[in-house]
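Asks: just coords:
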C-alpha cells in the first residue's frame, strides 16, 4: 500500500519517484526511529537513542540495500544521485566533527537540525525546478485520486510503524534479558527493528520494478536519521556517548554511502554481497569496540 501511495503521488505531482521517495517516503518510514529516539532521550537513555539513529543508517544501506541487490542488479545514475549522495555523506561527517569534543550538546543538535532544514529547503527548490514526469505508467494504473493516495500512504506507514515498533520493543526486551549493553542494542537490534519499514518498502519496490522508490527511501531516511533525528535527541538532552563504538558506527556509515555510488549505471549482485559481508564486519567491529571499552 505504501509503495503504491508513493508511486501514485509521484504520478499525480508529475515528479520523479526518487525525489518523492527521498522526502515523503523517507520521512514516513523514519517515524519508528523518531519515536524510539524521543522516548529514549526522555528516559535519559542517550546511548540507545544515538545507537538507533546511527545504527539504522548502517543497517539501511549495508543490510537492506545489500539484500535487495541479491534479487538482481539495480539501475542507478550517478548524475541523478551525485547531489543526494553528497548530502548523505555529509551527515555522518558533520556528526563526527561535532563529536570531536566528546559530546553532542544542545547547540550541536540545533546545528544538525539546521543542516536538515537546509537540505529540505534545497530539495524543495529542486523539486519545483524539476521537469514534469510522465504520469500514466505507475503500477499499470492511471493517476489515482488524491484521497485514495492519502489513505494508501497513511495506512501503509501506520502499519509499517507499528510493526517496526513491536519488533524494536521485543528486541530490546530480549537484549535486557541477556544483559547486553544499550549501545549495542540500539545499534543492532533496535536499529534493525526501526528499519523494518525501509526494508519492506525497498523489497516491495524492488519486486514491483520501482527501483528509485527503494533507493530514494533509504538515502532520504539516512538524512532524516543522521541530521533530524540525531539532532532532536541532542536538543532534548545532551549526549555524552562511549566514543569508540560511535566512531565505528560513523565510519561504517561513511563506508555504506561509498558503496551506493553506482558504476557503469548500476549496482549489481556482487556489490550487494560485499555490502552484506561489510554489515557482518560492522557487527563484529562494534562488538570488539564495546569489549575494548569494557576492558578500559
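Replies: Alright, I've got the coordinates. Because the structure is a prediction, the values reported are computed rather than measured.
Asks: correct me, but residue 34 touches residue 231?
Replies: No: in this structure residue 34 lies outside contact range of residue 231 using Cβ atoms under 8 Å: 11.1 Å. Every C-beta, even on glycine, is put in place using the N, C-alpha and C of the backbone.
Asks: Who has more neighbours out of these two?
Replies: Between residue 34 and residue 231, counted using other Cβ atoms under 10 Å, the more crowded position is residue 231 (27 against 20).
Asks: For that one, which non-adjacent residue is closest in space?
Replies: Nearest residue to residue 231, sequence neighbours excluded (Cβ to Cβ, 6 or more residues apart in numbering): residue 112, at 3.2 Å.
Asks: For whatever helix or strand residue 250 lives in, list every residue counted as buried.
Replies: Using DSSP states H and E, residue 250 maps to helix 243-260. For helix 243-260, a neighbour-count test (16 or more other Cβ atoms under 10 Å) marks 244-246, 248-250, 252-257, 259-260 as buried.
Asks: Out of those, which is nearest to residue 216?
Replies: residue 260 (11.3 Å; Cβ to Cβ).
Asks: which residues touch the closest one?
Replies: For residue 260, the contact set (Cβ atoms under 8 Å, 6 or more residues apart in numbering) comprises 61, 65, 76, 81, 85, 88, 215, 219, 267.
Asks: Next step: those restricted to strands.
Replies: Taking DSSP state E as the definition of strands, these contribute residue 267.
Asks: Which members of the contacts of residue 260 are positioned in helices?
Replies: Among those, the members falling in helices (DSSP state H) are 81, 85, 88, 215, 219.
Asks: want to try TSV for these, with pLDDT as columns?
Replies: Formatted as TSV, the ones in helices among the contacts of residue 260 follow (pLDDT from 0 to 100):
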residue	pLDDT
81	82
85	90
88	92
215	83
219	89
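Asks: quick check, nearest of those residues to residue 55?
Replies: Nearest to residue 55 among these, counting by Cβ to Cβ, is residue 88 at 15.8 Å.
Asks: I'd guessed the closest one sits against residue 257; true?
Replies: Yes: between residue 88 and residue 257 there is a contact at 5.2 Å, judged by Cβ under 8 Å.
Asks: Name the residues contacting each of the two.
Replies: Counting by Cβ under 8 Å, 6+ apart, the shared contacts of residue 88 and residue 257 are residue 222.
Asks: Can you tell me the element residue 5 falls in?
Replies: Using DSSP H and E, the element containing residue 5 is helix 2-13.
Asks: What segments of the protein are strands?
Replies: Using DSSP E, strands in the chain cover 74-75, 266-267.
Asks: Show me what the last one is packed against.
Replies: Strand 266-267 sits against strand 74-75, with contacts defined as 3 or more Cβ pairs under 8 Å, 6 or more residues apart in numbering; DSSP states H and E.
Asks: let's see 10 Å
Replies: helix 66-69, strand 74-75, helix 211-223 (3 or more Cβ pairs under 10 Å, 6 or more residues apart in numbering; DSSP states H and E).
Asks: Could you say which of these is packed most deeply?
Replies: helix 211-223 (a mean of 28; mean count of other Cβ atoms under 10 Å).
Asks: what separates that one from the chain centre, distance-wise?
Replies: Offset of helix 211-223 from its chain centre (Cα atoms, centre = their mean, to the nearest Å): 7 Å.
Asks: still on that earlier bit, residue 118 versus the residue nearest to residue 231, what's the distance?
Replies: According to Cβ to Cβ, to the nearest Å, residue 112 and residue 118 sit 11 Å apart.
Asks: go on, residue 35?
Replies: Residue 35 sits 25 Å away from residue 118, going by Cβ to Cβ.
Asks: higher neighbour count, the two?
Replies: residue 35 (17 against 12).
Asks: where does that one land on pLDDT?
Replies: Reading off the confidence values, residue 35 has pLDDT 75.
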